[in-house]
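S.K.: just coords:
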Ligand SMILES: Nc1ncnc2c1ncn2[C@@H]1O[C@H](COP(=O)(O)OP(=O)(O)OP(=O)(O)O)[C@@H](O)[C@H]1O
C-alpha cells in the first residue's frame with residue numbers, strides 16, 4: 001500500500017448534533033483498502049452515529065465522507081452500492097431459512113447466481129454453518145444469527161464493510177469464526193470499519209480510533225497505542241484479588257487498578273515501583289502468588305487514557 005494511495009474511506013471534520021448534544025465532533029480519519037479500522041469507546045461515545053452517517057442512513061451536520069472516491073452526501077445512492085452496513089440488529093427474516101436469507105440479499109443486489117452461491121458456500125463453511133442451511137433464521141442461536149448477518153452483508157462483494165458491535169453476545173468460538181471471515185475479506189481488499197466494546201477484539205484491528213464524547217482521543221495501531229502508555233503495568237495474582245486491589249490502590253505511584261481474571265493489573269508511574277509494592281505487600285502480610293511487569297493490554301491503556309481525560313475535564 002503506497003503512502004499516497006487514495007483511501008477507500010475518507011472522513012473529514014464530521015459533526016453531528018442532537019439538540020445541544022455533540023454526538024460526533026470534528027472527526028477525521030481514513031481507512032485503506034484491506035484495512036480493518038476499529039472504533040472503540042464507552043457507550044455514548046458516538047460510534048453508532050458515525051457508522052450511520054457513513055452508511056448514508058443519517059445526515060451529518062458538517063464535514064465530508066468520501067467512499068471509494070464518491071462523496072456520500074452528494075451521491076448517496078451511488079456510494080451505497082459499494083457499502084455494506086451491518087447495524088447492531090441486522091435485518092434477518094426469521095421465517096426464512098439461512099439459505100433463503102442469503103438468496104434474498106443476493107437478489108436485492110442482483111448478484112449472478114454462480115457468483116453469490118460460491119461465495120456463500122465458502123463463507124458458510126468458514127462460519128461452521130453448513131449443516132444449518134435449511135434452518136429457519138428465527139431458530140438460530142445469537143452467535144449464528146450474527147454470522148448469518150455477516151454472510152448476508154458480504155454476499156454482494158462490497159468494497160466497504162461497516163460493522164456496529166457485530167459480536168456482542170457472541171460466544172468466543174463463533175467470534176473467532178466471525179473474525180476469520182473478516183480476515184479473508186481483508187485479503188480481498190475490503191476496507192472495514194468496526195465498532196466494538198470488546199477490547200480483545202480491538203487488538204485484532206490494524207488501527208484503532210479511541211472515541212470519547214464524540215471526539216477522537218487517539219488513533220494508532222494497537223502496538224502504537226500501547227507505546228503511548230506512560231509508566232508501566234504490573235500484574236499481581238492473588239487468591240483474593242479484591243482485597244489486594246483495595247490495598248494496592250492506596251500505595252504511592254499507583255495510577256490505576258483493574259481486575260483481570262485471577263489478579264489485578266496495576267498502572268504505576270515507573271518500573272521501579274515493582275520492588276516497593278512487593279515490599280509493601282510483604283509488610284502487610286498479603287498473600288500473592290505472583291508479581292511481574294507485563295505488557296499493557298488495550299483495556300489497560302483505555303482505562304489509563306480515560307482516567308487522564310476524565311481528570312482534565314471539569315467535574
Ligand atoms: N437519534 C438520536 N437522538 C438523540 N440523541 C441521540 C440519537 N442517537 C444517538 N444519540 C446520542 O448521541 C450520543 C452518541 O450515541 P451513539 O449511539 O453514537 O454512541 P455509541 O458510541 O454507539 O454508544 P452505544 O455503544 O451505546 O451505541 C449519545 O449520547 C446518544 O444518547
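M.R.: Structure's in. What do you need? Keep in mind the model is a prediction, meaning the values are calculated, not measured.

S.K.: out of everything not next to it in sequence, what's closest to residue 132?
M.R.: residue 98 (5.7 Å; CB to CB, 6 or more residues apart in numbering). The C-beta positions use only the backbone N, C-alpha and C, and glycine is treated the same way.

S.K.: could you say what helices and strands whatever helix or strand residue 176 lives in packs with?
M.R.: Taking DSSP states H and E as the definition, residue 176 sits inside helix 172-187. If you count contacts as 3 or more CB pairs under 8 Å, 6 or more residues apart in numbering; DSSP states H and E, helix 172-187 packs onto helix 113-126, helix 142-154, strand 191-196.

S.K.: Rounded mean pLDDT for the longest one, please.
M.R.: In this model, helix 113-126 carries a mean pLDDT of 92.

S.K.: one step back: how about the helices and strands packed on helix 172-187 in a markdown table, adding distance to the ligand?
M.R.: Listed next are the helices and strands packed on helix 172-187 as a markdown table, based on distance: least, CB to the nearest ligand atom, whole Å:
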| stretch | distance to the ligand |
| --- | --- |
| helix 113-126 | 26 |
| helix 142-154 | 16 |
| strand 191-196 | 6 |
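
S.K.: Close to the ligand: what parts of this protein are there?
M.R.: 18, 21, 23, 41, 43, 44, 45, 46, 47, 48, 49 (CB under 6 Å from any ligand atom).

S.K.: Now, of these, which are buried?
M.R.: 23, 41, 45, 46, 47, 48, 49 (16 or more other CB atoms under 10 Å).

S.K.: who's in contact with the helix or strand where residue 29 lies?
M.R.: Using DSSP H and E, residue 29 maps to strand 21-31. For strand 21-31, the surrounding residues in contact (CB atoms under 8 Å, 6 or more residues apart in numbering) are 7-17, 37, 46, 49-50, 53, 60, 63, 160, 191-193, 209, 211, 213-216, 219.

S.K.: Just the buried residues out of these, in PyMOL syntax.
M.R.: Per 16+ other CB under 10 Å, the buried members of the contacts of strand 21-31 correspond to this PyMOL selection:
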select buried, resi 7+8+9+10+11+14+15+16+37+46+49+50+53+60+63+160+191+192+193+209+211+213+214+215+216+219
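
S.K.: Pull the contacting residues for the residue nearest to the spatial centre of the chain.
M.R.: Per CA atoms, centre = their mean, the C-alpha nearest to the average position across the chain is that of residue 196, at 3.0 Å. Residue 196 sits next to 38, 39, 40, 165, 166, 167, 202 when contact means CB under 8 Å, 6+ apart.

S.K.: Tell me how far it lies from residue 67.
M.R.: Distance check for residue 196 against residue 67: by CB to CB, to the nearest Å, it reads 21 Å.

S.K.: all strands in this protein, in order from the N-terminus.
M.R.: In the chain, the strands defined using DSSP state E lie at 9-18, 21-31, 36-40, 62-67, 70-71, 83-86, 160-164, 191-196, 207-212, 215-220, 232-237, 254-260, 263-268, 290-294.

S.K.: quick one, the last one and strand 263-268 angle?
M.R.: With axes from the mean of the first three to the mean of the last three CA atoms, to 10 degrees as the basis, strand 290-294 and strand 263-268 are set at 50 degrees to each other.

S.K.: just how off-centre is strand 290-294 within its chain?
M.R.: 28 Å (CA atoms, centre = their mean, to the nearest Å).

S.K.: Least confident of the strands of the chain, on average?
M.R.: Among the strands of the chain, strand 254-260 scores lowest, with a mean of 86.

S.K.: Show me what that strand is in contact with.
M.R.: For strand 254-260, using CB under 8 Å, 6+ apart, the contacting residues are 231, 235, 241-242, 245, 248-249, 264-269, 273, 277, 297, 299-300, 303-304, 307.

S.K.: Apply 7 Å and report the result again.
M.R.: With contact meaning CB atoms under 7 Å, 6 or more residues apart in numbering, strand 254-260 is reached by 231, 241, 245, 248-249, 264-269, 299-300, 303-304, 307.

S.K.: List the buried residues for that strand?
M.R.: Within strand 254-260, the residues scored as buried using 16+ other CB under 10 Å are 254, 256, 257, 258, 260.

S.K.: ditto for stretch 169-181
M.R.: Going by neighbour count (16+ other CB under 10 Å), the buried part of stretch 169-181 is 170, 174, 175, 177, 178, 179, 181.

S.K.: quick check, nearest of those to the ligand?
M.R.: Using CB to the nearest ligand atom, residue 170 comes nearest to the ligand of the buried residues of stretch 169-181, at 15.5 Å.

S.K.: and the nearest residue to residue 170 once chain neighbours are set aside, how many neighbours?
M.R.: Leaving aside its sequence neighbours, residue 170 sits nearest to residue 143 (CB to CB, 6+ apart; 4.2 Å). Residue 143 has 21 neighbours, counted by other CB atoms under 10 Å.
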